[in-house]
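Trainee: Predicted model and sequence follow; I will ask about them next.
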Amino acid sequence: MSAPFCCVKFSAIAMAESAYLPGLAIQNSDVLDSPRHSALVRVTHWIHTLSFLALVVSGVAILLAHPRLYWGETGAKGTPSLIDLPLPFVLGLPIRGPGRYLHFLSAWVCVLTGLLYVLSGIFTRHFRKNFLPAKADVRWSSISRVAWRHLRLRRPSEQESLNYNVLQRLTYLAVVFLLFPLIIVTGLGMSPAITSVFPIFATAFGGQQSARTVHFFVAAALLLFLLVHIAMVCLAGFKHRMRAMITGRSATRKEPS
Amino acid sequence: MSTTLSRRKLITTGLSAAAGVSGLAVAAVLAERYGLIPPDHGGIFGVGETMTYAAQRLLTSQHSLAREFNRSEISKVAPVNGKPPENDPYRRYLHGGFAEWRLTVDGLVGRPSSFSLAELKRLPSSSQITHQACEEGWSFIAEWTGVPLFYVLNFVRVSSKAKYVVFFPFDESWDSIDMADAWHPQTLLAYGMNGQEIPTGHGAPLRLKVPRQLGYKNVKYLSYITVTDTMKNISKGLGSAAPEYGYSWYAGI
């Protein structure tokens, strides 16, 4: 980490360098009570969690009406599908109407919070400092080393957990700047009103049904991210990480020097 | 943290909260005046509905056109949802080839009228090849032919007070559209599909086509149209049968 980018507010780097910046973190005898997540990150994180869960639940309720995916502009029973999901067609239960209302309400919450988070992350240089990997790290050898450590479910050392590793950085970048924009655009690509203004939201994917199919797979990717994210939080110490995301601080034992 | 800092924080928080609340109040007044509030705006889901409807109305205005397709893209399979009305009047008209059927148009109009199918067909016609998506997830492309709704509205001399056009079919699924969609050039009273008379299952003798909204908004089996400035006194006042079953009134999604 280079000195010009070090910053007081954002935990990871500040922590890593706190030894050189006395007074940054309050030091007890053997515990560092370190700032980890800004208030805005914490608030948007939990609002996002709730809206995302609502989107998943309501999304499934909508999908169950017709769990077949197509490619192109059109698709219906009696036409070839791309994938027949191993799910039943649920048309009789009154879950879809409320599901649709909930889906669009939570989509608004999710998108507006996401927008606030992204703008503030750009403004405070959070993404540049904590998400953008160092050039030297974007190499197959360092990525595979980190991936291998993760796959063996090795608990990260306190020192390692102070800073996002290259795999975390690339994953968060992909989630924030690829998957979320993609799920928004493919969602809008299914809207006949929106595509009357921006036809490209449908045509870029090859049609309205393609947009629906991509929407499904991006949702699946985001759900996979959520599961791995929760697994990693558990592995790294559920209590500590939750405390960090709720209170903004985490008690970290000082490494024996 | 010093006390001054927290007091300052308190004041700024208070001010921004006040600004937020008054901003919302102003937004609500403006939204009401410019017709950005849907009839099913009540409850927690109504918040999302209102945001969607308002955002899409600001974005689409009257002018954006639903995507149109080539004749070669017309779907070979056009599924039918639901059954034709099973009541006596509809059956009678169906058996008689709709020769006796008439469409009544009244409400906030200068010249309440009724049209036979033959009379509607003599009015200027328009065709479109558009995509129709069911909220269930499936979709098809078809060519629709009919009389543009704006032509009929002009013919009956619709009042400038009009806010909604309400459509009553022979079954229970009545619905309505706002004037932005009512005056839209692609909004049709369709009597033809893919070059033929509209098949019974697709809404014979006449159905609404609003290609900027989902399939369920395109009311089939039309019998009666009325123009109004409020829908509070129609059924539960939610603007269509859809919200009574838990579906949103606006279906531009």
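Mentor: Nice, thanks for sending it over.
Trainee: which residues does the residue of the stretch 151-257 of chain A found nearest chain B contact?
Mentor: For the stretch 151-257 of chain A and chain B, the shortest gap (C-beta to the nearest C-beta) falls at A:A193, measuring 3.0 Å. In this view, the C-beta of every residue, glycine as well, is placed from N, C-alpha and C. Counting by C-beta atoms under 8 Å, 6 or more residues apart in numbering or on different chains, A:A193 touches B:Q56, B:L59, B:T60, B:S64, B:R212, B:Q213, B:G252, B:I253.
Trainee: thinking the last one is in contact with A:P192, fair?
Mentor: Yes: here B:I253 lies in contact with A:P192, judged by C-beta atoms under 8 Å, at a distance of 7.4 Å.
Trainee: quick one: which of the two has more around it?
Mentor: A:P192 (26 against 20; other C-beta atoms under 10 Å in any protein chain shown).
Trainee: which residue packs closest to the more buried one, ignoring adjacent ones?
Mentor: Of all residues not flanking A:P192 in the chain, B:R212 sits nearest, at 5.2 Å (C-beta to C-beta, 6 or more residues apart in numbering or on different chains).
Trainee: tell me the contacts of that neighbour?
Mentor: Shown in contact with B:R212 (C-beta under 8 Å, 6+ apart): A:P192, A:A193, A:S196, B:T60, B:S64, B:A66, B:D181, B:H184, B:Q186, B:G252.
Trainee: one step back: nearest spatial neighbour of the residue of the stretch 151-257 of chain A closest to chain B, chain-adjacent residues omitted?
Mentor: B:G252 (3.0 Å).
Trainee: what about the one you found, how many neighbours?
Mentor: Neighbours of B:G252 using other C-beta under 10 Å come to 24.
Trainee: Over to it: give its phi and psi.
Mentor: phi -80, psi -10 (degrees, to the nearest 10).
Trainee: In the stretch 101-250 of chain B, mark out all the strands, start to finish.
Mentor: B:102-107, B:113-116, B:126-133, B:139-148, B:164-169, B:175-178, B:188-193, B:196-197, B:207-209, B:222-228 (DSSP state E, counting those that start in this stretch).
Trainee: so can I have a markdown table of those showing mean neighbour count?
Mentor: Formatted as a markdown table, the strands of the stretch 101-250 of chain B follow (neighbours: other C-beta atoms under 10 Å in any protein chain shown):
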| stretch | mean neighbour count |
| --- | --- |
| strand B:102-107 | 17 |
| strand B:113-116 | 16 |
| strand B:126-133 | 21 |
| strand B:139-148 | 22 |
| strand B:164-169 | 23 |
| strand B:175-178 | 24 |
| strand B:188-193 | 23 |
| strand B:196-197 | 12 |
| strand B:207-209 | 24 |
| strand B:222-228 | 21 |
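Trainee: Between these, which one is closest to chain A.
Mentor: Taking C-beta to the nearest C-beta, strand B:139-148 is the member of the strands of the stretch 101-250 of chain B nearest to chain A, at 4.9 Å.
Trainee: now the closest one against strand B:188-193, angle please.
Mentor: Here strand B:139-148 runs at an angle of 110 degrees relative to strand B:188-193 (axes from the mean of the first three to the mean of the last three C-alpha atoms, to 10 degrees).
Trainee: Output the below-cut-off pLDDT ranges for the chain.
Mentor: Unless you meant another one, I'm taking chain A. Along chain A, the model assigns pLDDT under 70 to residues A:1-34, A:251-257.
Trainee: um, chain B though
Mentor: For chain B, the ranges with pLDDT under 70 are B:1-5, B:62.
Trainee: which residues does B:E197 contact?
Mentor: Contacts for B:E197 (C-beta under 8 Å, 6+ apart) come out as B:Y191, B:A204, B:P205.
Trainee: That one pairs with what?
Mentor: Counting by DSSP bridges, B:E197 is bridged to B:G192.
Trainee: Flag every residue of chain A that's near chain B.
Mentor: Chain A has residues A:62-63, A:65-66, A:68, A:73-79, A:91, A:94, A:96-98, A:100-102, A:104-108, A:190-197, A:199, A:202, A:208-209, A:212 near chain B, with proximity defined as C-beta under 8 Å from any C-beta of the partner chain.
Trainee: Give me the buried entries from the residues you listed.
Mentor: A:62-63, A:65-66, A:68, A:73-76, A:79, A:96-97, A:100-102, A:104-108, A:190-197, A:202, A:208-209, A:212 (16 or more other C-beta atoms under 10 Å in any protein chain shown).
Trainee: Of those residues, which belong to strands?
Mentor: A:R68 (DSSP state E).
Trainee: next one: stretch A:155-166 to chain centre, how far?
Mentor: 19 Å (C-alpha atoms, centre = their mean, to the nearest Å).
Trainee: again, but for stretch A:129-146
Mentor: Relative to its chain's centre, stretch A:129-146 lies at 18 Å (C-alpha atoms, centre = their mean).
Trainee: C-alpha coordinates for that stretch, PDB please?
Mentor: The C-alpha trace of stretch A:129-146 is given here as PDB (Å, rounded to 0.1, in the frame of the first residue of the first chain):
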ATOM      1  CA  LYS A 129      -8.400   2.100  -2.300                       C
ATOM      2  CA  ASN A 130     -10.100  -1.000  -1.200                       C
ATOM      3  CA  PHE A 131     -11.400  -2.700  -4.300                       C
ATOM      4  CA  LEU A 132      -8.900  -2.000  -7.100                       C
ATOM      5  CA  PRO A 133      -6.300  -4.600  -6.800                       C
ATOM      6  CA  ALA A 134      -2.600  -3.700  -6.900                       C
ATOM      7  CA  LYS A 135      -1.200  -4.300 -10.400                       C
ATOM      8  CA  ALA A 136       1.300  -6.800  -9.100                       C
ATOM      9  CA  ASP A 137      -1.500  -8.900  -7.600                       C
ATOM     10  CA  VAL A 138      -3.500  -9.300 -10.800                       C
ATOM     11  CA  ARG A 139      -1.500 -12.300 -11.900                       C
ATOM     12  CA  TRP A 140      -2.500 -15.800 -12.100                       C
ATOM     13  CA  SER A 141       0.000 -16.900  -9.500                       C
ATOM     14  CA  SER A 142      -1.300 -14.600  -6.800                       C
ATOM     15  CA  ILE A 143      -4.900 -15.200  -7.600                       C
ATOM     16  CA  SER A 144      -4.500 -18.900  -7.600                       C
ATOM     17  CA  ARG A 145      -2.600 -18.800  -4.400                       C
ATOM     18  CA  VAL A 146      -5.400 -16.900  -2.700                       C
END
